[in-house]
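A.B. asks: Provided below for reference: sequence and predicted model.
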Amino acid sequence: MTDVNTGLRDGQPSSPPAAGTAPAAGTALAARTAAPAGAAKRWPLSRFVGVVLLILLLFSVAAVVAGGIALLSLHDNRERVVSTLDPAALQVQRLDTALVDQETGVRGYALSGQKDFLAPYTTGVTEERNAIQALQAVKQLPPGAAADLASVAAQAHYWRTHYAEPTIAQVSRTGKPVVSPDILTGKADFDALRAKVAVLQADIADARAHAIAALNDSSATLDAVFIAVAIGLAAIVVLLALGLRTTAIRPLHRLAAEARRVADGDFEHEVVVGGPREVTDLAADVNRMRERILQELAASRDANIVLQAHAEELERSNSELEQFAYVASHDLQEPLRKVASFTQLLQRRYAGQLDARADQYIEFAADGAKRMQALINDLLQYSRVGRSAREPALVSSDAALAQARNNLATAMGETGATIEAGHLPLVLAELTLLTAVFQNLLSNALKFSGGKPPRIVITTSRDGRFWLFSFADNGIGIDPEYAERIFVIFQRLHERTAYPGTGIGLAMTRKIVEYFGGRIWLDTTCTEGSRFLFTLPVPDETLNPPPEDPVLEPSGRLTREAADALLRQEEEADD
């Protein structure tokens, strides 16, 4: 299969196809994912929403203007009724009352001759003057009302000067009632005055009626404007909802359905959805993503084929390595043992019988055979890590440490080493491999002690889902720049003559710890000696704990039952 994504990776365009060849995959992809016809002419959703908002804004402005005009008309009409016409009507009524009081007082005084009857006249003159001043102070009187008011004031003045005041003067001079034809003349003049007052009242009442009618019309107009605004807003909201549903929500639902269909595995289904420009662009992007997934799937199939071939090759190589390990553990060990044995026999039998150079050569041969045996054994142990068919189980770290101490008892006695360790936790591991970890770290501390008695401190602590083990010693220490190199197989930091060994111990320790799901590293912050840290996963609490029978004797050595179990495990591992 060919990589259909060639020329499209990293955003680089593919080179143009040669004449007579099929178009490149990128050209075909561009042709398939081109925007639908007329997509550029479709309104984008933002423009649709903008037009709707503009219409809503214009309608709102018109509604505000219409409502403001109606409110202003209502306010003007109400102000005219309350502030102009009603006070004017009240003052006209007050003027009429004042004139009647004057006529009553003059007539009573003229008939009785008693001054007490003249009091209404005096009060009426004052009230008349106040009422006329109040009417003159009213602004925007109805047309003709001012002229009527002036006519009433002139007629009142004429009545007082031609009848009321002469009559009062005559009665005051004679002290007797006045009965003469002048009374009839004064009554006629007063009736004319009342008629003019009635005309003034009629003008103001008519103007008030018209103003109240205009006020009612303004109120009805305002109500109509509010109703129209409410209906218009409701209509716009409904149209906006329907428009959004038609132009955006439905296309998005269809696009979601198309995307779910592709997500369910139908990668051959082409995603094409109509609607606003944003939706069509999104559909085109989803379709391009679908086709990219198809390309990646094709590329992954090719990669899987290559990986499968590599896996088969790796499996064959592992099989050959296992065969080599078998040969190394059986076929190479036997001749190597013979070489070592006969070289040692030569060394013992002919030591001193040959010259010094011959003894040196024999020593070199015996040492080389021993180192080769140790190297092969270490390689075999390193290759066996992780190849056991047994599942990790709950293992006592105390038992593994005790076994490691037993294995190194001689070296510890020769160097005078002391080990300080508290109670160690249970971990998921294999006892033999965990013992090898402890033994390699202890052996490393004993070897690089620098000539002084080694002191090794072992502690543990909980670090989340892991147990953190710490092995600290007082030896020569390790330069931080070699913190990673020391875990590489066959890497040595010192000459073989200074410190013996094959350089595989720490590499095997890392392989075992990582096999159990942990990690190991050198603590570069330690300035005195060296400190190795490694983690092992905390066992699941649902696992059954090990039996409570003691594994260690009071002296720190393994019990006989535990030692027999260790021997059986080692024999099974060797098999």
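C.D. replies: Structure's in. What do you need?
A.B. asks: what's around the nearest residue to Leu297 once chain neighbours are set aside, how many residues?
C.D. replies: Of all residues not flanking Leu297 in the chain, Phe267 sits nearest, at 7.2 Å (Cβ to Cβ, 6 or more residues apart in numbering). Using the backbone N, CA and C atoms, a C-beta is placed for each residue, glycine as well. The tally of other residues near Phe267 (other Cβ atoms under 10 Å) stands at 13.
A.B. asks: ok, now Leu314?
C.D. replies: By other Cβ under 10 Å, neighbour count at Leu314 equals 11.
A.B. asks: next one: Ser530
C.D. replies: Residues lying near Ser530 (other Cβ under 10 Å) number 21.
A.B. asks: about what we covered before: quick one: the residue nearest to Leu297 and Arg290 touch, right?
C.D. replies: Yes - between Phe267 and Arg290 there is a contact at 6.0 Å, judged by Cβ atoms under 8 Å.
A.B. asks: returning to what we had before: look at the residue nearest to Leu297 and tell me its secondary structure.
C.D. replies: coil (DSSP: H, G, I helix; E, B strand; the rest coil).
A.B. asks: What separation is there between it and Asp281?
C.D. replies: 21 Å (Cβ to Cβ, to the nearest Å).
A.B. asks: Return stretch 83-93 as PDB; C-alpha atoms alone will do.
C.D. replies: Output in PDB follows, covering the C-alpha atoms of stretch 83-93 (Å, rounded to 0.1, in the frame of the first residue of the first chain):
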ATOM      1  CA  SER A  83     -52.200  73.800  35.400                       C
ATOM      2  CA  THR A  84     -54.200  76.200  33.100                       C
ATOM      3  CA  LEU A  85     -57.900  75.400  32.600                       C
ATOM      4  CA  ASP A  86     -58.800  74.000  36.000                       C
ATOM      5  CA  PRO A  87     -57.300  77.000  37.900                       C
ATOM      6  CA  ALA A  88     -58.900  79.300  35.500                       C
ATOM      7  CA  ALA A  89     -62.400  77.700  36.000                       C
ATOM      8  CA  LEU A  90     -61.800  77.900  39.700                       C
ATOM      9  CA  GLN A  91     -61.000  81.600  39.600                       C
ATOM     10  CA  VAL A  92     -64.000  82.400  37.300                       C
ATOM     11  CA  GLN A  93     -66.200  80.700  39.900                       C
END
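A.B. asks: ok so, going back, check the gap between the residue nearest to Leu297 and Thr97 for me.
C.D. replies: 101 Å.
A.B. asks: Please apply the same query to Gln170.
C.D. replies: The value you get for Gln170 to Thr97, if Cβ to Cβ is used, is 26 Å.
A.B. asks: ditto for Glu296
C.D. replies: 104 Å.
A.B. asks: what does Ala263 give?
C.D. replies: 94 Å.
A.B. asks: do the same with Asn130
C.D. replies: 12 Å.
A.B. asks: Looks like Lys104 contacts Pro120 (just checking).
C.D. replies: Just so we're on the same page, residue 104 is Thr rather than Lys. Yes - using Cβ under 8 Å, Thr104 is in contact with Pro120, at 5.3 Å.
A.B. asks: quick one: which of the two has more around it?
C.D. replies: More crowded of Thr104 and Pro120, by other Cβ under 10 Å: Pro120, with 21 against 14.
A.B. asks: Where do the strands of the stretch 451-575 of the chain begin and end?
C.D. replies: 455-463, 466-472, 520-522, 531-537 (DSSP state E, counting those that start in this stretch).
A.B. asks: Any stretches of the stretch 51-200 of the chain with poor pLDDT?
C.D. replies: The model of the stretch 51-200 of the chain has pLDDT under 70 over residues 178-183.
A.B. asks: Show me where it has its helices.
C.D. replies: Here the stretch 51-200 of the chain has its helices, by DSSP state H, counting those that start in this stretch, at 86-112, 119-137, 145-159, 165-174, 182-244.
A.B. asks: likewise the stretch 251-400 of the chain?
C.D. replies: With DSSP H, counting those that start in this stretch applied, the stretch 251-400 of the chain shows helices at 277-330, 333-349, 356-384, 397-407, listed in chain order.
A.B. asks: burial measure for Ala220, as a count.
C.D. replies: Taking other Cβ under 10 Å as the criterion, the count of residues near Ala220 is 12.
A.B. asks: quick one: it from Ala311, how far?
C.D. replies: Using Cβ to Cβ, Ala220 is found at 90 Å from Ala311.
A.B. asks: How about Lys511?
C.D. replies: From Lys511 to Ala311 the distance is 21 Å (Cβ to Cβ).
A.B. asks: From the neighbour counts alone, determine which of those two ranks first.
C.D. replies: Lys511 (20 against 11).
A.B. asks: Could you count how many residues lie near Phe438?
C.D. replies: Counted with other Cβ under 10 Å, Phe438 comes out at 24.
A.B. asks: Please identify which helix or strand holds it.
C.D. replies: Using DSSP states H and E, Phe438 sits within helix 431-447.
A.B. asks: pLDDT weak spots in the protein?
C.D. replies: By pLDDT under 70, the low-scoring segments of the chain are 1-42, 178-183, 318, 321-334, 336, 367-391, 450, 482, 488-503, 541-575.
A.B. asks: Locate the residue of it with the greatest distance from its centre.
C.D. replies: No residue in the chain sits farther from the centre than Thr174, which is 110.5 Å out by Cα atoms, centre = their mean.
A.B. asks: Test my guess that Ala134 contacts Pro87.
C.D. replies: Yes - counting by Cβ under 8 Å, Ala134 does reach Pro87; the two are 7.4 Å apart.
A.B. asks: Skip the chain neighbours and tell me the closest residue to Leu252.
C.D. replies: Leaving out its chain neighbours, Leu252 is closest to Val279 (Cβ to Cβ, 6+ apart), at 6.3 Å.
A.B. asks: residues near Ile362, how many?
C.D. replies: Ile362 has 18 neighbours, counted by other Cβ under 10 Å.
A.B. asks: Pretty sure it sits against Thr343.
C.D. replies: Yes - when contacts are counted by Cβ under 8 Å, Ile362 is listed as touching Thr343 (6.5 Å).
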